[in-house]
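**Student:** Sequence and computational prediction follow.
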Amino acid sequence: MANDLRLGLNLGYWQRDATDATELVQTAERLGYDSVWTAEAYGSDAFTPLAWYGARTSRIKLGTSVVQLSARTPAATAMTAMTLDHLTGGRLLLGIGASGPQVVEGWYGQPFPQPLARTREYVEIMRKIWRRAEPVTSDGPHYPLPYPGGANLGKPLKLITHPLRPDIPIYLGAEGPKNVALSAEIAQGWLPLFVFPEKIESMYGASLEHAAPSFDIAAMVLVIVTDDLRAALDGVKMMLTLYIGGMGSKSRNFHADIIGRMGYAEAAEHIQALYLAGRRDEAFHAIPDELADGISLLGPLPRIRERLDLWRKSPVTNLLIMGPHDEPTLTGIRDLVLG
């Protein structure tokens with residue numbers, strides 16, 4: 001049970017038509033938010049906006065939620081992370097994730113199979129690089145170092161720059177039970193996308209059984225402060241329509257799978273079928289209100305205060321709120337969570 005929740009702000013993807021979020025990030029820092037997070041898919045990258053905000057703040061931690069394994073080699077990610085951690089005084093929280101086969105194979109041109117094995121190997125190499133104990137080698141099948149073949153001139157190398165921290169915190173974006181268990185084994189934290197606080201223990205208790213006491217479960221949660229609960233529910237349902245229906249193929253959609261494990265398997269299958277058939281309005285209306293409400297914090301502040309009790313009773317240790325874009329809302333949520 002989480003007695004004291006930490007609070008972060010998740011900005012998601014940077015979009016070219018969006019206003020610069022520097023003022024919002026600076027406000028969050030001033031209000032005592034612990035962290036700010038950025039994301040990437042197949043548009044903007046996660047590191048560049050984070051560096052931009054890091055240069056304009058001094059205390060707030062800077063998290064990637066998440067950078068995609070297939071976008072960079074382990075060495076490239078380790079170098080970028082080390083550089084950003086140095087420039088921001090040791091504030092980086094490196095969230096990484098395997099993404100899905102459509103993006104990995106369709107966008108990055110990399111094979112998707114064995115995501116757990118690839119993740120483990122990736123993390124091992126990054127930690128070897130940061131610790132600088134010796135020139136880095138790896139005999140793993142996914143990221144062998146030196147590369148076998150090619151010009152046959154590869155040699156083990158050691159990071160030139162000494163890291164500010166030789167053990168930058170790593171978080172895994174994970175949805176399946178095996179991937180969550182891997183997070184508990186090799187990472188400092190887990191970044192779940194959809195969390196039903198009343199159900200997280202039954203869904204992932206076994207996966208989290210051997211997590212360290214300091215293991216951080218940093219849950220992303222959509223927050224909409226409004227007196228119009230119906231409109232807020234519909235906003236969440238619009239997001240879920242895309243994730244359940246269109247973020248993946250019919251045969252493999254990790255987001256639909258997690259909704260199924262929450263107890264909505266039949267609904268998820270029906271929603272996906274409607275969406276893929278082009279009947280998106282029907283897919284939207286097929287999403288249960290209790291699902292949209294369960295994974296979010298919606299309504300006026302007194303209702304959100306009541307809903308927060310469920311999160312405090314769950315294993316979640318860190319709320320990464322998505323949605324607020326003004327100081328009064330950030331202040332109101334801060335007072336409820338940290339006050």
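**Tutor:** Received it, and whenever you're ready, just let me know what you need. As the structure is a computational prediction, the values presented were derived from the model and not from experiment.

**Student:** Please, where are all the strands along the stretch 51-200 of the chain?
**Tutor:** 61-64, 67-68, 92-97, 170-172, 189-190 (DSSP state E, counting those that start in this stretch).

**Student:** Just send those back as a markdown table, with mean pLDDT too.
**Tutor:** Below are those laid out as a markdown table (pLDDT from 0 to 100):
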| stretch | mean pLDDT |
| --- | --- |
| strand 61-64 | 98 |
| strand 67-68 | 98 |
| strand 92-97 | 98 |
| strand 170-172 | 98 |
| strand 189-190 | 98 |
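
**Student:** Which one of those lies nearest to residue 11?
**Tutor:** Nearest to residue 11 among those is strand 61-64; the distance by Cβ to Cβ comes to 10.1 Å. In short, each C-beta sits where N, CA and C put it, glycine included.

**Student:** What are the contacting residues of the closest one?
**Tutor:** If you take Cβ atoms under 8 Å, 6 or more residues apart in numbering as the criterion, strand 61-64 is touched by 8, 34-40, 46-47, 50, 53-54, 84, 88, 91-96, 171, 218, 320.

**Student:** Please apply the same query to stretch 194-205.
**Tutor:** For stretch 194-205, using Cβ under 8 Å, 6+ apart, the contacting residues are 175, 177, 180, 192, 217, 219-221, 243, 255, 258-259, 261-263, 291, 294-295, 310-311, 313-316.

**Student:** Could you do stretch 129-141 as well?
**Tutor:** With Cβ under 8 Å, 6+ apart as the test, stretch 129-141 has contacts from 74-75, 78-79, 82, 117, 121, 124-125, 128, 144-146, 155-159, 162-163, 165-168.

**Student:** These, buried ones only, as a PyMOL selection?
**Tutor:** Here is the PyMOL command that selects only those of the contacts of stretch 129-141 that count as buried (16 or more other Cβ atoms under 10 Å):
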select buried, resi 74+75+78+79+82+121+125+128+145+146+159+163+168
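
**Student:** What about the contacts of stretch 129-141, which are in helices?
**Tutor:** 74-75, 78-79, 82, 117, 121, 124-125, 128 (DSSP state H).

**Student:** Provide a list of residue ranges in the stretch 101-250 of the chain with pLDDT below threshold.
**Tutor:** Low-confidence segments of the stretch 101-250 of the chain, defined by pLDDT under 70, span residues 248-250.

**Student:** of all the strands of the stretch 51-200 of the chain, which lies closest to residue 285?
**Tutor:** strand 92-97 (30.6 Å).

**Student:** partners of the closest one, with directions?
**Tutor:** strand 61-64 (parallel), strand 67-68 (parallel), strand 170-172 (parallel) (DSSP bridges).

**Student:** Quick one: closest of those to residue 211.
**Tutor:** It's strand 170-172; of the strands paired with strand 92-97, that one is closest to residue 211 (Cβ to Cβ) at 11.8 Å.

**Student:** which residues are contacting that closest one?
**Tutor:** Applying Cβ under 8 Å, 6+ apart, the set of residues contacting strand 170-172 is 63, 65-66, 93-97, 119, 123, 126, 179, 182-183, 186-191, 216, 218.

**Student:** and that strand, how far from the chain's centre?
**Tutor:** Computed by Cα atoms, centre = their mean, to the nearest Å, the chain-centroid distance of strand 170-172 equals 9 Å.

**Student:** now swap in stretch 115-129 and tell me
**Tutor:** 18 Å.

**Student:** Equivalent analysis for stretch 218-235, please.
**Tutor:** So, by Cα atoms, centre = their mean, the centroid of stretch 218-235 is 19 Å from its chain's centroid.

**Student:** Checking residue 307 next. Helix, strand or coil?
**Tutor:** The three-state label given to residue 307 by DSSP: H, G, I helix; E, B strand; the rest coil is helix.

**Student:** and it, what does it touch?
**Tutor:** Neighbour list for residue 307: 297-299 [criterion: Cβ under 8 Å, 6+ apart].

**Student:** Domain map for this protein?
**Tutor:** 6-222+300-338, 227-298 (automatic domain parsing).

**Student:** quick one: terminal-to-terminal distance for the longest one?
**Tutor:** The stretch domain 6-222+300-338 measures 7 Å between its terminal residues, going by Cα to Cα, to the nearest Å.

**Student:** now swap in the shortest one and tell me
**Tutor:** Taking Cα to Cα, the span from the opening residue of domain 227-298 to its closing residue is 9 Å.

**Student:** for it, the distance to its chain's centre please.
**Tutor:** 19 Å.

**Student:** what do you get for stretch 47-58?
**Tutor:** Centroid separation between stretch 47-58 and its chain, computed with Cα atoms, centre = their mean, is 18 Å.
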